[in-house]
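Q: have a look; sequence and predicted model below, questions after that.
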Protein chains: 2
Amino acid sequence: MSAAKPYRTELTPLSFLERSAEVFRSKPAVVYGERSYTYPEMRARVRRLASALRRFGIAKGDRVAILCPNTPPMLEAHYGVPLAGAILVAINTRLAAADVAYILNHSGARVLLVDAELTALVKAARAQVAGVERFVNIIDPHAVGPSDSMRLEGPDYEEFLAEGTDEPLPMLVEDEYETISINYTSGTTGRPKGVMYHHRGAYLNAIGECMTSGITSTSVYLWTLPMFHCNGWCCTWGVTAVGGTHMCLRKVDPALIWRLIREQGVTHLNGAPTVLIGLANDPAARAAPLDRPLRITTAAAPPSPSIIAQMEELGAQITHVYGLTETYGPHTVCEWQTHWDALGPAERARIKARQGVGYVIADPVRVVDDEMSDVPADGLTMGEVCMRGNNVMKGYFEDPEATATAFRGGWFHSGDLGVMHPDGYIELRDRAKDIIISGGENISTIEVEGCIYQHPDVLEVAVVAIPHERWGEVPKAFVVPRAGTNLTELEIIDFCRERMAHFKCPKAVEFGDLPKTSTGKVQKFVLRNKEWAGQSKQIN
Amino acid sequence: MSAAKPYRTELTPLSFLERSAEVFRSKPAVVYGERSYTYPEMRARVRRLASALRRFGIAKGDRVAILCPNTPPMLEAHYGVPLAGAILVAINTRLAAADVAYILNHSGARVLLVDAELTALVKAARAQVAGVERFVNIIDPHAVGPSDSMRLEGPDYEEFLAEGTDEPLPMLVEDEYETISINYTSGTTGRPKGVMYHHRGAYLNAIGECMTSGITSTSVYLWTLPMFHCNGWCCTWGVTAVGGTHMCLRKVDPALIWRLIREQGVTHLNGAPTVLIGLANDPAARAAPLDRPLRITTAAAPPSPSIIAQMEELGAQITHVYGLTETYGPHTVCEWQTHWDALGPAERARIKARQGVGYVIADPVRVVDDEMSDVPADGLTMGEVCMRGNNVMKGYFEDPEATATAFRGGWFHSGDLGVMHPDGYIELRDRAKDIIISGGENISTIEVEGCIYQHPDVLEVAVVAIPHERWGEVPKAFVVPRAGTNLTELEIIDFCRERMAHFKCPKAVEFGDLPKTSTGKVQKFVLRNKEWAGQSKQIN
């Protein structure tokens, strides 16, 4: 179609690599330990991967999966697989073998690229993934002792690349609404669902990330956020669009991260608040002041006031964004207003905890009641957060029923409950399934957590519903205390009763670690399941 | 179509104002002298304009013209007209009455919004513009003495707005390829042609401008570039997209510009090098150092080394871009490479004079021979610069023949001759019609001008072909000397002969002012016509 209309070019992130390889010929595109690739070298490797895949027989629309930490092959797959005409399935590396097998089968992946440290996940369910025709073993010298026994039958990644050519390959994108990737949800409720992204949405959201986080050609972006998570919030494509440098990172290691920030000029990183907590509390944090501004974009949970204050004191600027796998990662940003600069730290943190407004490239976000009417913008009335537009998924792969449910009323239903503030900023109150209903009153677990976070001795907290004879449900807090402190249950409860309506205060407090997903989200269902064992209520 | 697909939203710059009015509720969107509108106020005025137009009977696809300096109504028309479903025709305010009449008739404009100082242009050809059904008079208190005699029949602009309502209006954009504006070329060869922009291209190029010039929500953008020129290079829409502040400016007045930069926090301005020359040579330039970085994006001619050096010394950072009306304004940028920072000033200026590479949102630019083959990337072989993609016009309004010619071979032909450097950056050598053919050799007038610009006493220069008995054509230089200097013809010629092949050196030099278009481009055809009067060659 584009041949007929010289004013039409399909939007695809593949064009970003093509441009940066032409424009930034000597600049490091990818840095990983001692290794470094310029943009032309990155493109050459991507072309080799794409042509090797085509040579193997991968055809347009086929699925190619990858199971790999944030190393160069993971980044290369984000271009090489679509350049081959195929659809990328980047699998969460922290799933159980059964889930990995389910995703490989459900997506119908014909090829799997797998890091040697993760082959066990595949071997454990080897018999169940007979549909995978080719395994490609990624051998990373930085990994802890990968040995031959850890390989699957099939070539090493570098051998596989050598089967390809770095000659230019035509892009096969005929329509920007074609699927570029399928990202499986973590599936705490039922089976993982395959979220389909199109080229147009990936292109626009990649640019949206750069605009929101201020990523430019002089930026050095450190890969603390897993690339398997919404394709790294589309930054796999966005950093390339502006010709910045991707700094790969196999594992989130705070001391290493601080070293890279100080010695390698890292300017940007993204991650859940748990990554920030790890950074702020590492001894390396205060080793020396930063000589370049560091911008951190965080999501998954509102950053607590104390973590914002700590990170800002260390020289980092925090941006709070919110989204879901179904929205290509972040969809809203707590867009900062200049006049808020004058507020005190507590007030600024309270505002920054809001999820905010739709990205420039997104449609406005709504908070609606059960009849799809907007709730009043009073900061009090709770409703469900809904989205639509160019950065909302095409649907769930081969699951028209789940797609129809998610899009009922023509809008994507996030499953998140929130309020609309009078100034048009949304603020989440809870996941629909996390909300506590106590004596008929709704209690937002996020609100209770926000209160407990104000206690100086609290490092992390999660609140869930537990059964109660009289009220049906009541809140219980699971607290990670700061090292060297001596918190007690009573102290937490009293602290809350001084600050909140009593029915919202936790009736029990437990101290210890919190179970988390690979992306740093607390797994409240794990906490809840334990509390509700043998009871009738079971919601996930 | 979008109702059926919740993952599809038409791209349109109208969404930018809608978002910024929701997000930046108290921030100045538009500042003009003592007047200032917040984003919600700007949106309210835009809605009034749109609903007044609809009420008047403007229907989808109708044309609405405006003849107005860079004042708030001109900016409002960029949203109000498309929000009414109509197509904006922003007319060059420095055209002759006959050209204005031609454009009004050719575009079929049903309504004309006209600044009181410019009504004379319409009155002079009143009988010829019978198709215009409604005139709206823009009365600007900042203008020099507009009187009742200067009005055309019809309401004042503010009265017209009062006929509308600031209730939300549905956007009528059903397809992002619908036309949002028609911008008429200056038409030095034949009649002006109407370049059609679509919503998608305007949206993408607006974002491209922000990415290229680093415009963000804290930017204050000063309107030195006429908004009638490519819709202000799409910055009419881009500055709004990021929620920056538009600072309107009725007239390019260097002393006022310096005052606004110093007192109103201007961070960005765009303009031809002639604007920069005016700024650098104004006594106010050195009044005080700038306390915020100033970014200037320049096009229309390569900025001379001396002007780059002068402006950088004054605290401004210069970005050089290139494009045409047919490419929504800038299409390429001399994308700066970090390793060039180490070069000396002369070398940096030489590099910065190149037109560079396609924008992130653009397709790559080509330099081709007559058979549409790429010329070698040797920095020497000349060819024609060609473009295509999302920021290339849909075509010329009601001129399929000119459209077909411009798009022969499936690419837009710029009419500019240039070379492709080995690093993929293009550099213009000449307009196809400006090139000098002397004894069978091509001489780039830009190259000769670049040489003469190195002379410290030269403020501006233009080189054109003059007739010569033996060689057919030879170069002649028209020079504006720096004030207080005593340049001679012989001095210029000798200066060139020391630096260039002798056949390229001017055979004659004349001193005086240069004729210019409204956008600051030297009108070489005026110089040439004078020299060729009575001769056979006539190329403009």
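A: Perfect, I can see it now. Residues are numbered from 1 along each chain as shown, chains lettered A, B, ... in the order given.
Q: in CSV, list the C-alpha atoms belonging to the host helix or strand of A:Glu347.
A: Taking DSSP states H and E as the definition, one finds A:Glu347 inside helix A:345-352. The C-alpha coordinates for helix A:345-352 follow below in CSV (Å, rounded to 0.1, in the frame of the first residue of the first chain):
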residue,chain,number,x,y,z
PRO,A,345,8.9,17.2,50.6
ALA,A,346,5.9,15.4,52.2
GLU,A,347,3.4,17.1,50.0
ARG,A,348,5.5,16.6,46.9
ALA,A,349,5.8,12.9,47.7
ARG,A,350,2.0,12.7,48.3
ILE,A,351,1.4,14.2,44.8
LYS,A,352,4.1,12.2,43.1
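Q: domains in chain A, as residue ranges please.
A: A:41-197, A:252-431, A:436-532 (automatic domain parsing).
Q: re the thing from before, next secondary structure after the helix holding A:Glu347?
A: Toward the C-terminus from helix A:345-352 - assigned by DSSP H and E - lies strand A:357-358.
Q: buried ones in stretch A:359-375?
A: Neighbour counts over stretch A:359-375 (16 or more other Cβ atoms under 10 Å in any protein chain shown) mark A:359-368, A:375 as buried. C-beta: built from backbone N, CA, C; applies to glycine.
Q: look at A:Ile308 and report its pLDDT.
A: pLDDT recorded at A:Ile308 is 85.
Q: tell me the contacts of it?
A: By Cβ atoms under 8 Å, 6 or more residues apart in numbering or on different chains, the contact list for A:Ile308 reads A:318, A:345, A:348-349, A:352.
Q: the residue of the stretch 151-300 of chain A found nearest chain B in helix, strand or coil?
A: Taking Cβ to the nearest Cβ as the measure, the stretch 151-300 of chain A has A:Ala241 as its residue closest to chain B, at 5.5 Å. Secondary structure, DSSP: H, G, I helix; E, B strand; the rest coil: A:Ala241 is helix.
Q: A:Thr12 is in contact with that one, correct?
A: No. Look at A:Ala241 against A:Thr12 with Cβ atoms under 8 Å: they stay out of range, at 11.2 Å.
Q: which parts of the stretch 201-350 of chain A sit against chain B?
A: Within reach of chain B by Cβ under 8 Å from any Cβ of the partner chain, the stretch 201-350 of chain A has these residues: A:201, A:207, A:210-211, A:214, A:216-218, A:241-243, A:335-339.
Q: narrow the residues you listed to those that are buried.
A: A:201, A:207, A:210-211, A:214, A:217, A:241-243, A:335-337.
Q: if we can go back for a sec, residue contacts, the residue of the stretch 151-300 of chain A closest to chain B?
A: Taking Cβ under 8 Å, 6+ apart, one finds A:13, A:16, A:19-20, A:206-207, A:210, B:360 in contact with A:Ala241.
Q: at 10 Å instead, please
A: Residues in contact with A:Ala241 (Cβ atoms under 10 Å, 6 or more residues apart in numbering or on different chains) are A:13, A:15-17, A:19-20, A:203, A:206-207, A:209-210, A:215, A:217, A:234-235, B:211, B:360-361.
Q: repeat for A:Val321
A: Neighbouring residues of A:Val321 by Cβ under 10 Å, 6+ apart: A:208-209, A:212-213, A:233, A:270, A:297-300, A:329-335, A:355-356, A:359.
Q: mind redoing it with 7 Å?
A: A:212, A:297, A:299, A:330, A:332-333 (Cβ atoms under 7 Å, 6 or more residues apart in numbering or on different chains).
Q: repeat that for A:Leu324.
A: Neighbouring residues of A:Leu324 by Cβ under 7 Å, 6+ apart: A:Ser414.
Q: any idea how far it is from A:Asp457?
A: Plainly put, A:Leu324 is 32 Å away from A:Asp457 if you go by Cβ to Cβ, to the nearest Å.
Q: and A:Phe16, which helix or strand is it part of?
A: Assigned by DSSP H and E, A:Phe16 belongs to helix A:14-23.
Q: what do you get for A:Arg429?
A: Assigned by DSSP H and E, A:Arg429 falls in strand A:426-431.
Q: which residues sit against that strand?
A: In contact with strand A:426-431 (Cβ under 7 Å, 6+ apart) are residues A:332, A:354-356, A:365, A:367, A:382, A:385, A:415-421, A:444-447.
Q: ok, the buried residues of stretch A:359-375 vs A:Gly440, which is closest?
A: A:Val375 (19.1 Å; Cβ to Cβ).
Q: my guess is the closest one meets A:Asp369, correct?
A: Yes. A:Val375 is within contact range of A:Asp369, at 5.7 Å (criterion: Cβ atoms under 7 Å).
Q: sorry, back to before: which among the contacts of strand A:426-431 end up buried?
A: When neighbours are counted using 16+ other Cβ under 10 Å, those contain these buried positions: A:332, A:354-356, A:365, A:367, A:382, A:385, A:416-421, A:444-447.
Q: how about the buried ones among the residues of the stretch 201-350 of chain A next to chain B in TSV, adding distance to B:Val479, pLDDT and secondary structure?
A: Output for these, formatted as TSV (distance: Cβ to Cβ, whole Å; pLDDT from 0 to 100; DSSP: H, G, I helix; E, B strand; the rest coil):
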residue	distance to B:Val479	pLDDT	secondary structure
A:Gly201	54	98	helix
A:Ile207	44	98	helix
A:Cys210	44	97	helix
A:Met211	44	97	helix
A:Gly214	44	96	coil
A:Ser217	38	96	coil
A:Ala241	43	98	helix
A:Val242	41	98	helix
A:Gly243	39	98	coil
A:Glu335	51	96	coil
A:Trp336	51	94	coil
A:Gln337	51	95	coil
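Q: and the two most separated of those residues?
A: Distance extremes for those: the farthest pair is A:Gly243 and A:Gln337 at 30.2 Å, using Cβ to Cβ.
Q: what about the residue in the stretch 401-540 of chain A that chain B sits nearest to, which helix or strand?
A: Residue of the stretch 401-540 of chain A nearest chain B, by Cβ to the nearest Cβ: A:Gly424 (4.8 Å). Secondary structure assigned from DSSP H and E places A:Gly424 in neither a helix nor a strand.
Q: quick one, what contacts the closest residue in space to it that isn't next to it in sequence?
A: Ranked by Cβ to Cβ, 6 or more residues apart in numbering or on different chains and with sequence neighbours excluded, the top spatial neighbour of A:Gly424 is B:Glu22, at 4.8 Å. B:Glu22 makes contact with A:357, A:364, A:424, according to Cβ under 7 Å, 6+ apart.
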